[in-house]
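1. next input, structure requested:
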Amino acid sequence: MSKDKFLLHEEFKNPLNKAEFLEAKKLYLEFITKNEYEIKATKDIFQLIQNIKRSPEKIGPYQIMSVFEALNRIGSDLVLLSGAEKLFASEIPPEKILLRMGNNQGFDFEVFYKGDKVIYGEAFNAAESFCKHKMRQAIDKLVDKNPDEKATSAIIFINEEMKGILEKYKNKKEKQSQMVIHTIYCKTN
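-> Numbering: from 1, shown residues only. Prediction:
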């Protein structure tokens, strides 16, 4: 994500230890709570589409993008923040985590453990109608494009509301892979 679109680029560009992560998360949440964007009320559906999907705005930590795109990114970012917090609070916490906020390329996050072990991960915040598709995409990416050819673990962060749907989800590629994909359900509010 370019510096001109994501206002917290500097805070998230490098892997963060727990203390750095908590500071960056606090700043991110401040950008959301102090958001000045307001949806322009209209009954004209064409104008509403223009306002939400076309007009570049500043919303939360994003600028120069449509409200629709910014809200999608913020939704995924909140899953990333929640998932990272859960990892740092786990029995075997990582040394650092690289979160690619507003990411369009590469993996959404990398988790760094002692001994140079890196676990790659994907994150998404999807609606019920799209969550299985997003899960399939995430698994495909983690299995097929993992830079560590000997990787035995990967992680997917998902918005908690999809737990009931995805707990029963079976993926052929995941079953055939040597990789264990850990699913972490995340609160986003």
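2. quickly find the element holding the residue lying closest to residue 62 once chain neighbours are set aside.
-> Spatially, and ignoring its direct neighbours in sequence, residue 62 is nearest to residue 70 (4.2 Å; Cβ to Cβ, 6 or more residues apart in numbering). Every residue, glycine included, has its C-beta placed from N, CA and C. Taking DSSP states H and E as the definition, residue 70 sits inside helix 67-88.
3. now the helix or strand just after that helix: mean pLDDT?
-> Sequence-wise, the next helix or strand downstream of helix 67-88 (DSSP H and E) is strand 96-99. On average, the pLDDT along strand 96-99 is 97.
4. for strand 96-99, packing partners?
-> Contacts defined by 3 or more Cβ pairs under 8 Å, 6 or more residues apart in numbering; DSSP states H and E place strand 96-99 against helix 67-88, strand 109-113.
5. which parts of the longest one are buried?
-> Applying a neighbour-count criterion of 16 or more other Cβ atoms under 10 Å, the buried positions in helix 67-88 are 67-74, 76-85, 87-88.
6. other SSEs contacting it?
-> With contacts defined as 3+ Cβ pairs under 8 Å, 6+ apart, the packing partners of helix 67-88 are helix 18-33, strand 56-59, strand 62-66, strand 96-99, strand 109-113, strand 117-124, strand 153-159, strand 180-186.
7. if we can go back for a sec, gap between the helix holding residue 70 and the chain center?
-> Offset of helix 67-88 from its chain centre (Cα atoms, centre = their mean, to the nearest Å): 4 Å.
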